[in-house]
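Novice: got a structure for you, letters missing:
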């Protein structure tokens, strides 16, 4: 983890949060690119949402949070809806790819 800047004002806090948001969005975009590849690779829409894999991901990020000193509940609360959104995106991609291939 990077060294945390000591903030003197809310402007300092907001500047750092905004800076982190830029990095987070870049990582979410990268994650989406891999999810799109999963949609291309999978051949069955029933494999897009796998409950065991969701629980594996959540368990992994909760462990990482604990190791980093973050409450795992925070990570779980962020990840579950995020994973759901990526699953929706993957399903859309799955169908879009196959529609394009059929035309």
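Specialist: Sure, I can see it. Since the structure is predicted, the reported quantities are computational estimates derived from the model, not experimental observations.
Novice: name the element residue 28 belongs to?
Specialist: Assigned by DSSP states H and E, residue 28 belongs to helix 10-41.
Novice: meant to ask about residue 8
Specialist: Counting by DSSP H and E, residue 8 is part of no helix or strand.
Novice: If I look at it, what pLDDT would I see?
Specialist: Listed pLDDT for residue 8 reads 98.
Novice: Residue 53 now?
Specialist: Model confidence at residue 53 (pLDDT) stands at 98.
Novice: what about residue 84, how many neighbours?
Specialist: 12 (other CB atoms under 10 Å). All C-beta atoms are positioned from the backbone trio N, CA, C, and that covers glycine.
Novice: re the thing from before, on the C-terminal side of the helix holding residue 28, identify the next helix or strand.
Specialist: Next element after helix 10-41 (DSSP H and E): helix 51-68.
Novice: Next, the angle helix 10-41 makes with whichever helix or strand comes after that following helix.
Specialist: Following helix 51-68 in sequence order, the next helix or strand is helix 72-102 (DSSP H and E). Here helix 72-102 runs at an angle of 40 degrees relative to helix 10-41 (axes from the mean of the first three to the mean of the last three CA atoms, to 10 degrees).
Novice: So which bits of helix 72-102 are buried?
Specialist: Neighbour-count burial for helix 72-102, counted by 16 or more other CB atoms under 10 Å, picks out 72, 75, 79, 83, 86-87, 89-90, 93-94.
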